[in-house]
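S.K.: sequence? don't have it. structure:
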C-alpha cells in the first residue's frame, strides 16, 4: 500500500499542477442562513421549501448536528460559513443557532477553495429575523422535524 | 511494477476523463469540463488548521497526525454511532476511499469519548469501511486536537431517543501522509465532486 500511495502521488503530481493561493477579499452579503445539506441534497424537498420558516426546526437540528451553515445570497450564491463573529466553528455555535433561517447582512471576508465559496463573517450588520414565512405555503418541512415526546 | 503503474494510470485517467457523470472522449475535452467545474481558485484561509497530536485508535494503538502507512487521510470529527451528520459525512468518506482505490484513509476523531471507546468504535466503523480508523484519547489529548482543527464539541442537548447529542465540526479535512492539512470541504458534496477535490491535492 505504501508503494501504491507513493506511486499514485507521483503520477498525480505530473497530471495536476500545484494550485496558486490568493488572499481573501472583503465582502458584504445580504441573505438567509440556510441548512446546506437539505438545500443541496434535495432530500427534504425543493429549494423553496427547505429555507425560511418552513424549514426552521430542521435547520436547527442540522446545525446542532454538525451540518455546515450557508449564507444564501440574494443572487442565489451560497457561501459556506466558516466562522461567524465570536463562534469559532462553521456549525452549531450559539450565534449560528440563534440566527438559523434569519435574513442577515454580513460583513466579512470571502474565500474560494476547490470551486466552493466560503465566508468568514466579521460582523452581522443587521438581523431581520425570519423574513421568509413560507410555512404558510409548505407547512413544516419535513413534518417529522417536530418530534412528539415519548410517552 | 509495470502492471501497477498501468493500473494507477487508469485510476488517474478515469477521473480526468469523467466528471460528475460526464465521460469525455479525450483529455482536452476533459480539461475543458474540469475548468467549468471550477476547482481552480484557492484562497488562503485566515487561520491555520491541524498540527501535531497523539491519540489512540480502535485497536488500542497510538496514532499521530502522520499516517503509519503513508497514505493521505480524510479526517472528520464526529462519533461512531451518530444519528445525524456523521451518517452523511462518514459514508461519503468511505465512498471517496473506494473511488481512489485506497489512496486515502478515512479517519474519525471522536467528539464523545464516553460513547466511543477503543473497544466499541471498531464494529461501527468497520460497517462503513474496513479501512476506517477511529481515534479517541484523554480529555486533554482530544481538547488539543479540537483546538488544532477549530472544532466545537459541546453537548447540544439530550435527545429522548438517542441520548446526548454533541455539536461538532462539520467539515472533512484532507491531510497528507505526514498530517499536513491540504484543504477542507463540506460533507454535502456528491462523491464524484469530493473525489475530484481530493485528487487535485494528492499531487501537491
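M.R.: Thanks, I have it. A quick note: this is a predicted structure, and the numbers were derived from the prediction, not measured.
S.K.: Which stretches in chain A count as helices?
M.R.: Using DSSP state H, the helices of chain A run over residues A:2-15, A:36-41, A:56-65, A:94-99, A:135-138.
S.K.: Residue B:72 contacts residue B:107, correct?
M.R.: No: between residue B:72 and residue B:107 there is no contact under Cβ atoms under 8 Å: 10.4 Å. In short, each C-beta sits where N, CA and C put it, glycine included.
S.K.: Contacts only, for residue A:79.
M.R.: Listed by Cβ atoms under 8 Å, 6 or more residues apart in numbering or on different chains, the contact set of residue A:79 reads A:29, A:31, A:70-71, A:73, A:110, A:117-119.
S.K.: Mean pLDDT lowest where, among the helices of chain A?
M.R.: Here the helices of chain A differ in mean pLDDT, and the lowest is helix A:2-15 at a mean of 41.
S.K.: right, and the pair among the contacts of residue A:79 with maximum separation?
M.R.: The most widely separated members of the contacts of residue A:79, counting by Cβ to Cβ, are A:31 and A:118 (14.3 Å).
S.K.: quick one: residue B:170 from residue B:78, how far?
M.R.: 9 Å (Cβ to Cβ, to the nearest Å).
S.K.: Which one of those two is surrounded by more residues?
M.R.: residue B:170 (33 against 29; other Cβ atoms under 10 Å in any protein chain shown).
S.K.: Quick check: that one vs chain A, distance?
M.R.: Using Cβ to the nearest Cβ, to the nearest Å, residue B:170 is found at 4 Å from chain A.
S.K.: okay but that residue is in contact with residue B:187, surely?
M.R.: Yes: in this structure residue B:170 lies within contact range of residue B:187 using Cβ under 8 Å: 7.1 Å.
S.K.: per-residue confidence at the closest residue in space to residue B:64 that isn't next to it in sequence?
M.R.: Spatially, and ignoring its direct neighbours in sequence, residue B:64 is nearest to residue B:54 (5.3 Å; Cβ to Cβ, 6 or more residues apart in numbering or on different chains). Note on residue B:54: pLDDT of 98.
S.K.: Residue 46: how many residues sit nearby?
M.R.: By default, I'm working from chain A. Neighbour count for residue A:46, taken as other Cβ under 10 Å: 11.
S.K.: hmm, I had chain B in mind actually
M.R.: Number of residues near residue B:46 (other Cβ under 10 Å) recorded here: 12.
S.K.: low-scoring pLDDT stretches of chain A, where are they?
M.R.: Residues of chain A meeting the criterion pLDDT under 70: A:1-22, A:86-94, A:147-151.
S.K.: how near is the residue lying closest to residue A:140 once chain neighbours are set aside to chain B?
M.R.: Once flanking residues are discounted, residue A:140 sits nearest to residue A:146: 5.8 Å by Cβ to Cβ, 6+ apart. Separation of residue A:146 from chain B (Cβ to the nearest Cβ): 13 Å.
S.K.: can I assume residue A:146 is in contact with residue A:56?
M.R.: No: here residue A:146 does not reach residue A:56: they are 10.6 Å apart, not a contact under Cβ under 8 Å.
S.K.: The two: which is more packed in?
M.R.: Between residue A:146 and residue A:56, residue A:56 has the larger neighbour count (other Cβ under 10 Å), namely 21 against 9.
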